[in-house]
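A.B. asks: sequence? don't have it. structure:
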């Protein structure tokens, strides 16, 4: 991108021909800011944005540090604690204590029937969901950007066919397709009488979400690329003999950072919800992997008897999604102050 | 208008054909024998042979696909009996006709989604308009922050919480169930009330936000200001000038949300134990019942596409520029 700061950078040696000790501090004051710095300044002033960013970071840190937290806390999400200590359960295999068995030992209670610890289940579950969604979103963004740029920059037949493919995939009943294709994909890799390894499940989930997740971004990037393609700095680069790859990398991509980041912050929470959706309907991770979405499936089965179980994953998810949506709004405002809410 | 509908129907048929081909080859091109999937762990060669015959699996895949397509229009004969005109094959598990099963379950999903749609359109657009009209007041702020929190709710969390509040602990309402509208309209309404409200909450909140922001944008447009300057009544300008313009982006989003609505319906059915298309899809997937999965996919895709055509026709009604082109 031909940003003002780069032009300045090339100009300074010329200006510095007559060095003046007094001019130095003044020049520093007038220094231009890159769009990234401007965005960061605007973002820091937005209180709601900063708070929600802290919450989102907190969730990611908890997810990343889940094994560490579990170690300090002294429990893990796999042990069936009620087997070792039958007093934890009543005769119906529900937690014996009040409020789902919340106690000093089990901060968020015990999972009914299996007797696993809810607190570690939740932090490990968040870990599973967040990382699956993060990787899937990265894949979607990469594909969307690639297809959008190629379509927008090349134009013509390539653009036409890429556009038709995008439209076709947009017409798919996406959530139904997720549900229907999950078992098909796992059977390609795993024989029907074997248990599916967790990494295959994870790859299948990411693959399915990716397959129907990139089209929105591709359309957006294509539209922005189309308008950028006609701009003078791209023409100048072309006249100077830059290769298409260089133009895409050096001229187009830096100008696309804003829409990519803004769209990305909206895509990530919806991907997390899609991962949770898959686990909720029973085609995502299976019972051996702690997962956020599956906690809801368990929770809604036993809600009548033990409503506390649902409380923690539910509240955590609402807080997380609210924070992420607010963050998305703030990021958009910071990048593009003209669009009012 | 007729030409528009004709063109759209042709395009829709093409997309349906592509989706069916895609799904069909995805299912039947996997390296394993689909009949083995259906047959399960204690499979006998006899059972395998029956499934092979039922599916016509001995033919090459393109021939199978052709037979499947022909079956939709002409009907086919299977070992278990004749499958009449819109024939989507025979279920592996129950030996019932796929189409009959879908027709049996469809009214539940239709009641659920259409009811939810009506609720969220009325409440969402209404609150959004109100918030835009009273911009900056406590009402606006209240609606805006409530919609932010509510749009982050999930059906599978809110559903059980509502059940707990209104059914288990207070007993104000009965556990949701589906009663056909033609049998007892009041029971139909009461039985689906909680699912409608829970399902529409997330959508409502989004539409409140959207209708508020597009309305505020429209109110600042020049033609609206000109109308006000001419001395037209405020209410008339609000509804005839600004509202109509603000509907255009909303209708666009609505077209995209119909697929999400069906997905939301799936979660709602699962949460409240209703048996509609969504539950059917999940069951068919869990039992590896390929013909049923195919049937549900295609019927849902057709439903979404038909809804989209209706939305596009609405678009033409609202926006005169679309009608002209």
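C.D. replies: Alright, I've got the coordinates. It should be emphasised that the depicted structure is a prediction, and the values quoted were computed from it without experimental measurement.
A.B. asks: So residue A:263 is in contact with residue A:217, correct?
C.D. replies: Yes: assessed by CB atoms under 8 Å, residue A:263 is found in contact with residue A:217 at 5.2 Å. For the C-beta atoms, the positions are set from N, CA and C on the backbone; glycine is no exception.
A.B. asks: Give me the more crowded residue out of the two.
C.D. replies: residue A:217 (24 against 20; other CB atoms under 10 Å in any protein chain shown).
A.B. asks: what's the overlap in contacts for residue A:263 and residue A:217?
C.D. replies: residue A:141 (CB atoms under 8 Å, 6 or more residues apart in numbering or on different chains).
A.B. asks: right, and residue B:84 touches residue B:74 too?
C.D. replies: No: between residue B:84 and residue B:74 there is no contact under CB under 8 Å: 9.3 Å.
A.B. asks: quick one: pLDDT of residue A:10?
C.D. replies: With respect to pLDDT, residue A:10 scores 43.
A.B. asks: from the stretch 51-200 of chain A, which residue is nearest to chain B?
C.D. replies: residue A:175 (3.0 Å; CB to the nearest CB).
A.B. asks: what sits against the residue of chain B found nearest chain A?
C.D. replies: Using CB to the nearest CB, residue B:263 is the residue of chain B that sits closest to chain A, at 3.0 Å. Residues in contact with residue B:263 (CB under 8 Å, 6+ apart) are A:173, A:174, A:175, A:176, A:277, B:278.
A.B. asks: most surrounded residue in the residues you listed?
C.D. replies: residue B:278 (29 neighbours).
A.B. asks: What residue, apart from its backbone neighbours, is nearest that one spatially?
C.D. replies: residue B:266 (2.9 Å; CB to CB, 6 or more residues apart in numbering or on different chains).
A.B. asks: looking at it, that neighbour is touching residue A:281, isn't it?
C.D. replies: Yes: if you go by CB under 8 Å, residue B:266 and residue A:281 touch, sitting 6.7 Å apart.
A.B. asks: tell me, what's touching the two both at once?
C.D. replies: With CB under 8 Å, 6+ apart as the test, residue B:266 and residue A:281 both reach A:179, B:282.
A.B. asks: Please identify which helix or strand holds the residue of the stretch 51-200 of chain A closest to chain B.
C.D. replies: helix A:174-189 (DSSP states H and E).
A.B. asks: what's that helix packed up against?
C.D. replies: helix A:198-211, helix A:253-281, helix B:2-28, helix B:244-272, helix B:277-286, helix B:290-318 (3 or more CB pairs under 8 Å, 6 or more residues apart in numbering or on different chains; DSSP states H and E).
A.B. asks: Tell me the buried residues in that helix?
C.D. replies: A:174-187 (16 or more other CB atoms under 10 Å in any protein chain shown).
A.B. asks: Stretch B:64-77 too?
C.D. replies: Applying 16+ other CB under 10 Å to stretch B:64-77 flags B:64, B:65, B:68, B:71, B:72, B:76 as buried.
A.B. asks: Name the nearest of those relative to residue B:163.
C.D. replies: residue B:72 (39.5 Å; CB to CB).
A.B. asks: so how many other residues sit close to residue 45?
C.D. replies: Picking chain A for this. Neighbour tally, residue A:45, other CB under 10 Å: 10.
A.B. asks: sorry, should have said chain B
C.D. replies: Residue B:45 has 8 nearby residues by other CB under 10 Å.
A.B. asks: and the gap between the spatially most central residue of chain A and residue A:60?
C.D. replies: Nearest residue to the geometric centre of chain A (CA atoms, centre = their mean): residue A:268, 2.9 Å. Residue A:268 sits 11 Å away from residue A:60, going by CB to CB, to the nearest Å.
A.B. asks: same check, this time on residue B:286
C.D. replies: From residue B:286 to residue A:60 the distance is 33 Å (CB to CB).
A.B. asks: repeat for residue B:260
C.D. replies: Residue B:260 is 26 Å from residue A:60, by CB to CB.
A.B. asks: before we move on, what about residue A:208?
C.D. replies: 23 Å.
A.B. asks: cool, and residue A:244?
C.D. replies: Here the criterion is CB to CB. By it, residue A:244 lies 37 Å from residue A:60.
A.B. asks: rounded to a whole number, what's the mean pLDDT of the helix or strand containing residue A:246?
C.D. replies: According to DSSP H and E, residue A:246 maps onto helix A:244-246. In this model, helix A:244-246 has an average pLDDT of 87.
A.B. asks: and what of stretch A:278-297?
C.D. replies: 82.
A.B. asks: Tell me if it is near chain B.
C.D. replies: Yes: Stretch A:278-297 comes into contact with chain B (CB under 8 Å from any CB of the partner chain), by way of A:280, A:281, A:282, A:283, A:296, A:297.
A.B. asks: Next up, the contacts around the residue of the stretch 1-150 of chain A at minimum distance from chain B.
C.D. replies: At 10.1 Å from chain B, residue A:48 is the closest residue in the stretch 1-150 of chain A, using CB to the nearest CB. Applying CB under 8 Å, 6+ apart to residue A:48 gives the contacts A:326, A:330.
A.B. asks: May I have the predicted confidence score for it?
C.D. replies: 82.
A.B. asks: Would you mind listing what in the stretch 51-200 of chain B touches chain A?
C.D. replies: Counting by CB under 8 Å from any CB, the stretch 51-200 of chain B sits next to chain A at B:148-149, B:151-154, B:156-157, B:159-161, B:163-164, B:168.
A.B. asks: Now do the helices in the stretch 1-150 of chain B.
C.D. replies: B:2-28, B:34-39, B:45-55, B:61-74, B:98-133, B:138-151 (DSSP state H, counting those that start in this stretch).
A.B. asks: So which bits of the fifth one are buried?
C.D. replies: Think helix B:98-133. B:98-99, B:101-102, B:105-109, B:111-113, B:115-117, B:119-121, B:123-125, B:127-133.
A.B. asks: Equivalent analysis for the last one, please.
C.D. replies: Of the residues in helix B:138-151, those scored as buried under the neighbour-count criterion (16+ other CB under 10 Å) are B:140, B:143, B:144, B:147, B:148, B:150, B:151.
A.B. asks: what does stretch B:216-235 give?
C.D. replies: B:216, B:218, B:219, B:224, B:227, B:228.
A.B. asks: hmm, who's touching it?
C.D. replies: By CB under 8 Å, 6+ apart, stretch B:216-235 touches B:132, B:135, B:237, B:238, B:241, B:242, B:243, B:245, B:246.
A.B. asks: re the thing from before, the more surrounded of residue A:244 and residue A:60?
C.D. replies: Neighbours were counted for residue A:244 and for residue A:60 using other CB under 10 Å; residue A:60 has more, 16 against 13.
A.B. asks: That one: what's it in contact with?
C.D. replies: Taking CB under 8 Å, 6+ apart as the test, what residue A:60 contacts is residue A:130.
A.B. asks: pLDDT value on it, please?
C.D. replies: We have a pLDDT of 90 for residue A:60.
A.B. asks: likewise residue A:146?
C.D. replies: Taking residue A:146 on its own, its pLDDT is 92.
A.B. asks: Checking my notes, it in a helix, right?
C.D. replies: Yes: secondary structure of residue A:146 (DSSP: H, G, I helix; E, B strand; the rest coil): part of a helix.
A.B. asks: how close does it sit to residue A:238?
C.D. replies: Counting by CB to CB, the gap from residue A:146 to residue A:238 is 21 Å.
A.B. asks: same thing with residue B:24?
C.D. replies: 45 Å.
A.B. asks: who has more neighbours, the two?
C.D. replies: residue B:24 (20 against 14).
A.B. asks: Pull up the per-residue confidence for the residue nearest to the more buried one when sequence neighbours are not counted.
C.D. replies: Nearest non-adjacent residue to residue B:24, counting by CB to CB, 6+ apart: residue B:65, 5.1 Å away. Looking at residue B:65, its pLDDT reads 81.
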